[in-house]
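K.L.:
Please work out how this folds:
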Amino acid sequence: MTASLDSALVLGLDEASLLGAFNRAGVLAPADVHVARRLGLLGGEDDELVALATAFAVRAPRVGHVRADLHSVRATAEAEIEEEVDLDALPWPDPETWLSKVAASPLAAVGEDDRVVAPLRLIGTALHLDRYWRDERAVAADLRARAAAGLLGGQDRGELARAIERLFGGSAHEDGEQRWAAAVAVLRGLAVIAGGPGTGKTTTVARVIGLLAEQSSRTGSELPVVALAAPTGKAANRMQEAVRAATDELGLSPQVREKLRMLEASTVHRLLRPRPDNASRFRYHRRNRLPHDLVVIDETSMLSLWLMARLVEAVRDDARLVLVGDPEQLASVEAGAVLGDIVGPAAGGLRMRAESREEVAAVTGASLPVEVLPTSGPAIGDGIVVLRTNHRFGGALADLAEAIRSGSGDAAMAALAGANRNDGVAWVPIDAGEAESSQLDGIRRLACDTGASLVEAARAGDGARALEALGSWRILCAHRRGPAGVASWNARVEQWLLDEIDGFSTDGQWYVGRPVIVTANDYSLRLFNGDTGVLVARQPAGVAAAFEQGPVSPSRLSEVETVYAMTVHKAQGSEFDHVAVVLPQPTSRVLTRELLYTAVTRARRSLILAGTEEAVRAAVERPIARASGLTERLWGPPR
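P.N.:
Numbers count the residues shown, from 1 in each chain. Predicted coordinates:
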């Protein structure tokens with residue numbers, strides 16, 4: 001065992017034990033082992049098989065799963081170290097024996113009876129930590145109840161149809177998907193507006209708010225109280241700006257238009273208001289509901305199961321909840337893939353019950369292909385609309401994104417091989433982490449051209465122009481560290497700029513022209529994790545950090561990093577005119593279809609993809625498979 005792995009080993013753990021074997025192999029982390037041993041000690045359970053199962057249940061949410069399936073975990077587990085490990089050589093228990101031991105243990109409750117309380121919950125072959133089982137069960141119950149409640153009252157169908165026609169204009173043939181989504185969100189207590197970048201999700205949200213506000217205005221009732229929120233401050237700010245921008249394009253009354261312009265978005269945490277005495281609890285919950293009539297959550301794919309449970313329990317039964325996002329993107333870094341689980345079978349097309357389809361078709365004038373479900377079928381599909389028509393980009397960039405989304409490695413390679421810089425896509429088929437600068441001329445030119453504009457604006461003290469230059473491009477990486485990671489690429493770009501820009505210097509922490517990204521929320525400065533800024537010259541001397549929120553003294557910034565390059569996870573919720581994506585080696589565990597799709601769809605106009613064919617194919621053909629039971633709880637067993 002190499003010294004680099006020592007921090008992953010549990011000191012004093014018997015190497016001959018099951019926990020010891022799986023810990024040494026890198027499958028179980030020290031936290032998994034320690035929690036399993038502590039639970040066994042507290043519960044009076046000393047069986048090795050139960051301890052191993054407990055450790056896998058603890059490991060599951062740490063790596064994004066809601067549960068650990070003891071029947072299939074041998075085939076799906078991965079070592080969390082970079083070295084090759086023969087997982088088949090580990091002492092895996094016989095699944096049936098393993099399950100029987102866990103079922104008989106005082107640490108585990110068996111079945112769905114929530115009156116029985118234990119640290120673990122065994123449902124069939126799936127073992128959950130009790131907290132995650134209860135959260136998944138609660139989310140499913142709350143969403144099913146909202147979906148089953150049917151159409152909300154107070155809607156004049158004829159007036160709604162006229163309002164949709166007025167706000168959308170054009171023809172139902174051209175914008176039928178968006179009309180359908182808007183109508184569903186107005187008519188039902190639960191709506192999901194899903195789709196990739198450029199499909200009109202935010203514009204549809206603005207129209208939903210406009211439709212509800214216009215109807216209230218016409219009937220003389222109070223305008224609806226609206227909450228806009230997203231998982232991160234950056235995503236919330238983008239949503240707020242996009243809704244306000246879309247408002248100006250709609251034919252709304254001055255009163256309604258002014259209301260939409262005044263809307264402010266927040267993070268989901270701030271919306272629910274964390275309690276000062278307990279960061280994991282909120283002021284708004286099942287017994288103290290949010291006061292809003294309409295709650296819209298953007299970038300829902302980034303929500304964890306735990307936060308979704310806290311959100312849905314806090315929304316009033318008579319309020320509308322609209323979930324917006326792209327289920328094909330990266331899921332939360334915590335447990336669950338909630339948006340993807342909710343959309344479930346509807347990802348391939350509309351799946352609604354007949355009466356719901358007829359209601360929506362009547363008020364929209366649009367005829368969309370719908371798989372009609374029986375009246376007794378799952379109600380969840382009645383409120384889900386996936387937007388497929390891309391209004392922002394086409395050509396090679398759209399072809400590549402669709403090939404990745406569909407999981408076709410051959411189609412992805414065909415799109416890359418047939419593309420060129422004029423099409424907006426350039427492929428550099430090299431190992432980006434080991435490449436020489438001469439092999440990366442396209443990325444170097446992008447970095448230096450935009451970097452020169454940024455430095456020029458920063459030297460002139462023009463914060464707005466410097467921010468515009470920074471926001472126009474980005475290098476995206478899968479890892480923070482390593483030769484293809486953010487740290488290496490930030491250093492590489494800095495060296496390129498030093499070589500090309502006369503008088504440019506990176507001496508000191510706060511050099512003029514340094515782009516920075518905030519890594520922790522600072523509510524006093526109204527800066528949030530993911531916000532970006534540039535260090536600009538301040539007259540007559542000194543520097544200031546220019547952010548969209550305004551200038552900030554560098555002395556007040558404590559959690560920032562250089563940001564020529566950033567991780568794909570950090571880029572989620574942002575878009576740039578020009579994007580360079582550098583892929584790690586194909587063996588990287590984080591290289592997945594969702595990561596590559598998210599990276600590629602951050603580009604508005606052009607993309608440079610640096611990575612070997614093996615790395616591209618590995619990503620496209622490796623979807624994230626998060627163990628969860630939410631889809632089945634909402635939609636029923638697979639057909």
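K.L.:
mind listing what the closest residue to Ser588 other than its chain neighbours touches?
P.N.:
Using Cβ to Cβ, 6 or more residues apart in numbering and skipping the chain neighbours, the partner closest in space to Ser588 is Ala478 (6.2 Å). Every C-beta, even on glycine, is put in place using the N, C-alpha and C of the backbone. When the contact criterion is Cβ atoms under 8 Å, 6 or more residues apart in numbering, the partners of Ala478 are Ala484, Gly485, Thr567, Val568, Val582, Leu583, Pro584, Ser588, Val590, Leu591, Leu595.
K.L.:
Near the second one, how many other residues are there?
P.N.:
In this case it means Gly485. Other residues near Gly485 come to 18 when the count uses other Cβ atoms under 10 Å.
K.L.:
Please enumerate the strands of the stretch 251-400 of the chain.
P.N.:
265-267, 274-275, 278-282, 294-297, 320-325, 350-353, 370-373, 384-387 (DSSP state E, counting those that start in this stretch).
K.L.:
ok, now how distant is Leu294 from Ala21?
P.N.:
As defined by Cβ to Cβ, to the nearest Å, Leu294 lies at a distance of 53 Å from Ala21.
K.L.:
Please apply the same query to Ala109.
P.N.:
Relative to Ala21, and taking Cβ to Cβ, Ala109 is found at 28 Å.
K.L.:
what about these two, which has more around it?
P.N.:
The neighbour comparison of Ala109 against Ala21 (other Cβ under 10 Å) goes to Ala109, with 22 against 19.
K.L.:
Return the list of strands paired to the helix or strand harbouring the more buried one, each annotated with direction.
P.N.:
For Ala109, the host element (DSSP states H and E) is strand 108-110. In the sheet, strand 108-110 lines up against strand 120-123 (parallel) (DSSP bridges).
K.L.:
Which parts of the stretch 151-300 of the chain are helices?
P.N.:
Secondary structure of the stretch 151-300 of the chain (DSSP state H, counting those that start in this stretch): helices at 157-168, 176-187, 201-219, 233-247, 254-262, 268-272.
K.L.:
Now do Pro327 against Val343, distance only.
P.N.:
Separation of Pro327 from Val343 (Cβ to Cβ): 5 Å.
K.L.:
overlap in contacts of these two?
P.N.:
Counting by Cβ under 8 Å, 6+ apart, the residues touching both Pro327 and Val343 are Ala194, Val386.
K.L.:
These two: which has the busier surroundings?
P.N.:
Between Pro327 and Val343, counted using other Cβ under 10 Å, the more crowded position is Val343 (27 against 24).
K.L.:
Am I right that that one is in contact with Ile384?
P.N.:
Yes. Contact criterion Cβ atoms under 8 Å: Val343 and Ile384 qualify, at 5.9 Å.
K.L.:
Tell me the residues that contact both of the two, please.
P.N.:
By Cβ under 8 Å, 6+ apart, the residues touching both Val343 and Ile384 are Val192, Ala194.
K.L.:
and Ala618, what element?
P.N.:
Ala618 belongs to helix 613-620 when assigned by DSSP H and E.
K.L.:
Now that helix: buried residues?
P.N.:
Ala615, Val616, Arg617, Ala618, Ala619, Val620 (16 or more other Cβ atoms under 10 Å).
K.L.:
My guess is the second one contacts Ala412. True?
P.N.:
By that I understand Val616. Yes. Judged on Cβ under 8 Å, Val616 makes contact with Ala412 at a distance of 6.0 Å.
K.L.:
quick one: the residue nearest in space to the middle of the chain and Val620, what's the gap?
P.N.:
Geometric centre of the chain, nearest residue: Met302, 2.8 Å, by Cα atoms, centre = their mean. Using Cβ to Cβ, Met302 is found at 22 Å from Val620.
K.L.:
just to revisit the earlier point, name the stretch from the helices of the stretch 151-300 of the chain that approaches Ala599 most closely.
P.N.:
Nearest to Ala599, of all these, is helix 233-247, at 16.5 Å by Cβ to Cβ.
K.L.:
mean confidence score for that closest one?
P.N.:
The average pLDDT within helix 233-247 is 83.
K.L.:
next one: stretch 531-550
P.N.:
Confidence for stretch 531-550, expressed as mean pLDDT, is 87.
K.L.:
ditto for stretch 127-138
P.N.:
95.
K.L.:
what does that stretch rub up against?
P.N.:
Stretch 127-138 is contacted from outside by 53, 56-58, 60-61, 66-70, 102, 108-109, 112, 114, 117-123, 305-306, 308-309, 312-313, 335-336, 628-630, 633, using Cβ under 8 Å, 6+ apart.
K.L.:
among those residues, which are in helices?
P.N.:
Counting by DSSP state H, the contacts of stretch 127-138 place 53, 56-58, 60-61, 102, 305-306, 308-309, 312-313, 630, 633 in helices.
K.L.:
Give me the buried entries from the contacts of Ala478.
P.N.:
Ala484, Gly485, Thr567, Val568, Val582, Leu583, Pro584, Ser588, Leu591, Leu595.
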